[in-house]
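Mind looking at a prediction? Sequence and model below.
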Amino acid sequence: MMSVGGVDVSRETMDKLEQLCALITKWTKAINLIAPNSVPDLWDRHIVDSAQVFHCAPDDWTCWTDLGSGGGLPALVVAILDQQKRPMTLIESDQRKCLFLKTARRELGLDIKIVNKRITDADVAKADVLSARALAPLSDLLGYAEKFLRPEGTAIFPKGARYQEELDQAAQAWLFDVKAHASQTNPDSRVFELSRIIRREF
């Protein structure tokens, strides 16, 4: 067994993650799935960073929604790591990125649903886990959680060096429980695990 972002993985799973890296690298040349200058650090900066999102989720989830899935980070990594192959929905508005996601789904043999719509227009069942990486400020993400997350669900949002500022700003409009996990890929970042999210009444 090997470990990726705190998750033990088999040789077969590692092969799929390496296959995903090759796909992302190939497609980034055409449609910039990730910043071109981050391609040399793809494994640590994107794959391990996405694996820790899976690691922070509760074990007993039954359905997962990822917002602004873009290059499939963290969603495709989560789908590869999830040995139970539970239902996952990826919402992405960019048609070219959806084509990449569909290609990855086919080539990696993943059972995922891809919704090519803007987040505000998407109509999907509420999930146990909601994720989004590098998409929007935390305040906005909590608004999405109100729409896409079950009341007892968990939101997993990685945040960069300004995570405390975003947390303080979000707390002005929202009530929530939060665990801030130290990032394995950047000491200045955190992975927020949020639950019991309720809009404040004024």
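On my side now, so go ahead. Residues are numbered from 1 along each chain as shown.

From now on I want contacts and neighbour counts done on CA atoms only, so please keep to that.
Will do.

Show me the shaky parts of the chain.
When residues are selected by pLDDT under 70, those of the chain lie in 1.

What segments of it are helices?
Along the chain, the segments classed as helices by DSSP state H run 11-31, 42, 49-56, 75-81, 95-108, 138-148, 163-170.

Give the closest residue to the residue nearest the centre of the chain in space, chain neighbours not counted.
A centroid search over the chain (CA atoms, centre = their mean) returns Pro74, at 3.6 Å, as the residue closest to the centre. Counting by CA to CA, 6 or more residues apart in numbering, Pro74 lies nearest to Ser50, which is 4.4 Å off, once chain neighbours are set aside.

Could you check how far the one you found is from Ile80?
Look at Ser50 and Ile80: by CA to CA, to the nearest Å, they are 11 Å apart.

cool, Leu138 as well?
In this structure, Leu138 and Ile80 are separated by 26 Å, where distance is defined by CA to CA.

Then Glu18?
Using CA to CA, which is the criterion applied here, Glu18 is 11 Å from Ile80.

neighbour-wise, which of these two wins?
The residue with more neighbours, out of Glu18 and Ile80, is Ile80; 22 against 14, by other CA atoms under 10 Å.

and the closest residue to Pro151 other than its chain neighbours, how many residues sit next to it?
When the adjacent residues along the chain are set aside, Pro151 lies closest to Arg196, with 6.6 Å between them (CA to CA, 6+ apart). Residue crowding around Arg196 was assessed by other CA under 10 Å; the count is 14.

repeat for Pro36
Using other CA under 10 Å as the criterion, the residues surrounding Pro36 number 12.

check contacts around the residue nearest to it when sequence neighbours are not counted.
Nearest residue to Pro36, sequence neighbours excluded (CA to CA, 6+ apart): Thr28, at 6.9 Å. The contact partners of Thr28, taken as CA atoms under 8 Å, 6 or more residues apart in numbering, are Ile34, Ala35, Pro36.

cool, and Ala125?
The contact partners of Ala125, taken as CA under 8 Å, 6+ apart, are Phe148.
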